[in-house]
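J.: Kindly return the folded structure for what I paste below:
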Amino acid sequence: MQKQKIDADIENGKYERVYLICGDEPYLVRYYKNRLKKAIIPEDESMNYAYFDSMPENVTAITGFADTMPFFGDRRLVLLDKVSAFKKDLGLADYIPNIPETTTIMIVDEEVDKRSRLYKAIQKQGCITELKKLTMAEIKMFAASRIKKAGKGISERDCEYLISSVGDDLNTVMNEVDKCIAYAGDGIGIDRKVIDEVCSMQVENKIFDMVDAILVHDGNKVFSLYGDLVTLRENSFGIMAVIRKNYGRLLTIRELLEEGCSASEIASRTKTADWLIKKQMQKVRNYSSQKLKDSIEYIVNTEYAIKAGNIGEQLGLEIMLANLMTI
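T.: Numbering: from 1, shown residues only. Here you go, the predicted structure:
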């Protein structure tokens with residue numbers, strides 16, 4: 001991942017008066033929020049730290065603290081943590097040019113209005129760090145680094161297998177990496193066997209693989225995976241819900257493809273990593289949006305028929321899987 005300005009500021013010990021940390025990668029947003037806070041305010045200097053988890057009614061609640069000189073420390077820090085600062089104009093934009101040199105205001109938000117006065121004021125007077133979804137290579141770097149620090153190793157292929165299995169959410173990936181490290185114990189390596197036994201991916205990942213097999217009409221694989229789910233005693237309605245959800249995701253990608261969107265545009269609009277979109281694009285190239293809609297409608301009708309008592313739960317699911325391969 002590209003080095004952020006925050007990294008350089010922390011290394012130099014020179015801080016802006018205001019930082020905005022935002023983006024659609026929650027793990028990194030939280031990482032930089034905590035890293036910057038720890039760098040500016042040592043844990044034992046609570047007198048110089050003000051935390052807001054909701055926007056105050058009046059901006060003076062912020063400015064009153066920010067204008068005060070630090071007590072037995074170098075800086076004061078005001079953290080506005082997911083307070084929807086861009087939805088209510090309290091006059092914070094007007095205050096930003098007047099923030100004392102001994103104070104830093106950090107704003108962490110999920111929804112950012114780049115047209116607002118507040119955003120433009122931060123852009124002019126401070127630092128904006130927008131943390132976007134990482135590429136496969138960047139996620140592998142994070143995972144491999146954590147594993148290496150634990151004194152263990154993992155091959156590039158197995159690392160990619162882990163990420164592909166648990167999804168592109170970095171927080172989830174790192175949690176699963178920690179579980180693998182703990183499970184491996186005194187062993188020096190993390191391989192597919194460890195990943196398969198430890199990671200929380202088995203049920204949903206098997207269903208995703210089942211949909212892949214349906215799309216290429218591989219009946220043997222479909223029912224082999226279905227047998228695994230039966231062994232795991234998975235609920236039929238739960239299986240159908242995940243299949244329907246996966247078809248819905250594929251339909252969205254197919255419709256955006258038909259609009260002429262590129263992989264990066266689809267990734268941006270669906271808030272999904274580029275590498276995962278490219279993988280899913282291959283699945284739908286031979287499927288029209290109408291075929292995917294027909295499949296979703298058929299799944300919904302099967303769910304209704306089972307709930308109405310017109311067909312048994314397990315038999316209905318098995319017939320559904322067979323018929324989806326004919327659509």
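J.: now the helices for the stretch 1-150 of the chain?
T.: Assignment of helices within the stretch 1-150 of the chain using DSSP state H, counting those that start in this stretch yields the ranges 5-12, 26-40, 60-66, 92-95, 117-125, 136-149.
J.: can I get the ones you listed in a markdown table with mean neighbour count?
T.: (Glycine included, C-beta is placed from N, CA and C.) Below are those laid out as a markdown table (neighbours: other CB atoms under 10 Å):
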| stretch | mean neighbour count |
| --- | --- |
| helix 5-12 | 14 |
| helix 26-40 | 18 |
| helix 60-66 | 17 |
| helix 92-95 | 18 |
| helix 117-125 | 17 |
| helix 136-149 | 16 |
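J.: could these go into TSV alongside mean pLDDT?
T.: Supplementary listing: the helices of the stretch 1-150 of the chain in TSV, determined by pLDDT from 0 to 100:
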stretch	mean pLDDT
helix 5-12	92
helix 26-40	93
helix 60-66	92
helix 92-95	93
helix 117-125	94
helix 136-149	91
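J.: so what are the domain limits for the chain?
T.: Residue ranges for each domain of the chain read 5-131, 136-198, 202-324, as given by automatic domain parsing.
J.: Compute the distance from the centre of the longest one to the centre of its chain.
T.: Centroid separation for domain 5-131 versus its chain: 23 Å, with CA atoms, centre = their mean, to the nearest Å.
J.: Quote the end-to-end distance of that domain.
T.: End-to-end distance of domain 5-131: 12 Å, with CA to CA, to the nearest Å as the criterion.
J.: Nearest spatial neighbour of residue 84, chain-adjacent residues omitted?
T.: If you skip the residues right next to it in sequence, residue 84 has residue 55 as its closest partner in space, 6.2 Å away by CB to CB, 6 or more residues apart in numbering.
J.: er, residue 53 actually
T.: residue 81 (5.3 Å).
J.: In this structure that neighbour contacts residue 49, no?
T.: No - assessed by CB atoms under 8 Å, residue 81 is found out of contact with residue 49, at 11.9 Å.
J.: Could you check how far residue 205 is from residue 60?
T.: In this structure, residue 205 and residue 60 are 52 Å apart, going by CB to CB, to the nearest Å.
J.: nope, residue 27 is what I meant
T.: Taking CB to CB as the measure, residue 27 falls 34 Å from residue 60.
J.: coming back round to it: would you format the helices of the stretch 1-150 of the chain as TSV with distance to residue 256 included?
T.: As requested, those are exported to TSV (distance: least, CB to CB, whole Å):
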stretch	distance to residue 256
helix 5-12	33
helix 26-40	24
helix 60-66	41
helix 92-95	35
helix 117-125	27
helix 136-149	20
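J.: looking at those, which is closest to residue 72?
T.: For residue 72, the closest of those is helix 26-40, at 14.5 Å, according to CB to CB.
J.: Between helix 136-149 and the closest one, find me the angle.
T.: Between helix 26-40 and helix 136-149, the angle comes out at 60 degrees (axes from the mean of the first three to the mean of the last three CA atoms, to 10 degrees).
J.: all helices of the stretch 201-327 of the chain, in order?
T.: Using DSSP H, counting those that start in this stretch, the helices found in the stretch 201-327 of the chain span residues 202-215, 219-231, 236-258, 263-270, 274-284, 289-307, 313-324.
J.: So which elements touch the last one?
T.: Going back to what we said before, that points to helix 313-324. Here helix 313-324 is seen to pack against helix 202-215, helix 219-231, helix 236-258, helix 289-307 when contacts are counted using 3 or more CB pairs under 8 Å, 6 or more residues apart in numbering; DSSP states H and E.
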